[in-house]
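with the sequence up front, the predicted model follows.
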Amino acid sequence: MSSSGQPILIGVIGGSGLYHLDNLTFVKEANPETPWGFPSSPITIASLPSGALVAFLARHGKHHNHAPSAVPVRANIAALKSLGVQTIVAFSAVGSLREEIAPGHFVLPSQIIDRTKGIRPASFFEGTKVVAHASFGDPFTPKLVSWLEARVSKALVDEGKGVPLHTGKTIICMEGPQFSTRAESIMYRAWGADLINMSVLPESKLAREAEIGYALIATSTDYDAWRPHSEAVTAAEVFKTLKQNADTSRFVAAAVLEDLVKETDLLQAEMGSMQYSIMPRSGEMSAKDVATLGYVLPGYFKPL
Ligand SMILES: CSC[C@H]1O[C@H](OP(=O)(O)O)[C@H](O)[C@@H]1O
Ligand SMILES: Nc1ncnc2[nH]cnc12
């Protein structure tokens, strides 16, 4: 909720190259301190042409100063939740593990393979005495992804640059910050992965724990390291496509969010999803745990 009382139902997370949505109207900045610290950067509240508000957060910070393994992901998701965000549309620069997904193409993935190394805090329940097991078989909110397929596809046609959209793909999330070896890249293809990045986890897991809808719009920048006769990916190669992908991402965001903000039921698709995920609580639960978890799940953790 903004100070004017207008709700902020949609959050947008921008990845590498996408540090602002300056095609929307700037309203103000918010920088909530959460039980997990401050978000990557202050969050920009911006208005769509209809006047509806959205919250934009640069995942690596506005000046790209958080490495993928060090992004304060719990603070990011908690800060968006504290503003009233119900659904997140996240953008990410990804490598392609398939010939048909060329640099510059857009993808709406539906599955994730985890190749992070357990060094990123991946649960709001970590550090508390409360145990919870979120359902994650469909890591992106299925209704949101299917709704986005038609809208993103139309926006890409309307933009007129001929950017194709791929759907139903699997993304692998690696630890980084170094890129993959050729052997790893070939192995990921054999596992059935189509895309690779360093950011979709734990972001999507934490959104699920906070009962926030989440979809990823992946923007391809390179062919990683699996092609036998091509150079393995370098940061310089990724940078070549980042600006063009960011311009298209801003166009797509503006087009899609104006329709999404009217979809009240869709925005609330994950609400209630944690109801049966939290193990029966003992009387020993501390007031501190209640306050901490109440920040992201106020419906289940209320101070006595
Ligand atoms: C700049 S190449 C590697 C870097 O780019 C992607 O970032 P994001 O997902 O935030 O767009 C990838 O995940 C890596 O963090
Ligand atoms: N090849 C790649 N591997 C991991 N993350 C990436 N982000 C963009 N390209 C990538």
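It's in. Ligands and ions are numbered 1, 2, ... in the order given.

surely Asn23 meets Phe251?
Yes: in this structure Asn23 lies within contact range of Phe251 using C-beta atoms under 8 Å: 7.3 Å. To be clear about C-beta, it is placed using only N, CA and C from the backbone, and glycine gets the same treatment.

tell me the secondary structure at the residue lying closest to Ser273 once chain neighbours are set aside.
Once its chain neighbours are removed from consideration, Ser273 has its nearest residue in Glu211; the separation is 5.5 Å (C-beta to C-beta, 6 or more residues apart in numbering). Following DSSP: H, G, I helix; E, B strand; the rest coil, Glu211 is assigned to coil.

residues near Glu211, how many?
The criterion is other C-beta atoms under 10 Å. On that basis, Glu211 has 22 neighbouring residues.

tell me the contacts of it?
Going by C-beta atoms under 8 Å, 6 or more residues apart in numbering, Glu211 touches Glu270, Met271, Gly272, Ser273, Met274, Leu297.

and the buried ones among these, selectable in ChimeraX?
To isolate the buried members of those in ChimeraX, using 16 or more other C-beta atoms under 10 Å:
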select :270,273,274,297
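
same list (the contacts of Glu211) but as CSV, adding secondary structure and pLDDT.
What follows is the contacts of Glu211, written out as CSV (DSSP: H, G, I helix; E, B strand; the rest coil; pLDDT from 0 to 100):
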residue, secondary structure, pLDDT
Glu270, coil, 98
Met271, coil, 98
Gly272, coil, 97
Ser273, coil, 97
Met274, coil, 96
Leu297, coil, 97
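
quick check, nearest of the contacts of Glu211 to ligand 2?
The nearest member of the contacts of Glu211 to ligand 2, counting by C-beta to the nearest ligand atom, is Glu270 at 26.1 Å.

how about the residues of the chain by ligand 2?
93-95, 174, 179, 196-198, 221-222, 224, 233, 238 (C-beta under 6 Å from any ligand atom).

compare those and tell me which has the most neighbours.
For the residues of the chain next to ligand 2, the largest neighbour count, defined by other C-beta under 10 Å, is 33 neighbours, found at Val94.

now do the SS call for Leu144.
Using three-state DSSP, the secondary structure recorded for Leu144 is helix.

what comes up buried for the longest helix along the chain?
Longest helix in the chain, counting residues (DSSP state H): helix 235-260. By neighbour count on 16+ other C-beta under 10 Å, the buried set for helix 235-260 is 237-238, 241-242, 244-246, 248-260.

need the helices for this structure, in chain order.
Assigned by DSSP H, the chain shows helices spanning 73-82, 142-159, 182-190, 200-209, 235-260, 264-267, 287-296.

tabulate those (TSV), appending distance to Lys302.
Putting the helices of the chain into TSV (distance: least, C-beta to C-beta, whole Å) gives the following:
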stretch	distance to Lys302
helix 73-82	16
helix 142-159	28
helix 182-190	44
helix 200-209	17
helix 235-260	30
helix 264-267	23
helix 287-296	6
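
nearest to ligand 1, of these?
Counting by C-beta to the nearest ligand atom, ligand 1 lies closest to helix 235-260 out of the helices of the chain; the figure is 4.4 Å.

what bits of the protein have low per-residue confidence?
Where the chain drops to pLDDT under 70, the residues are 1-4, 282-284.

mind redoing it with 80?
Using pLDDT under 80 as the threshold, the predicted model of the chain has low-confidence ranges 1-4, 280-284, 303-304.

around ligand 1, which positions in it sit nearby?
Taking C-beta under 6 Å from any ligand atom as the measure of proximity, the chain contacts ligand 1 at 15-16, 59-60, 68, 92-93, 176, 197-199, 235, 238.

ok, which pair from those residues is furthest apart?
Farthest pair in the residues of the chain next to ligand 1 (C-beta to C-beta) is Arg59 and Ala235. Separation: 16.5 Å.

how about the helices of the chain, which one is nearest Ser123?
Nearest to Ser123 among the helices of the chain is helix 200-209 (6.4 Å), distances taken as C-beta to C-beta.
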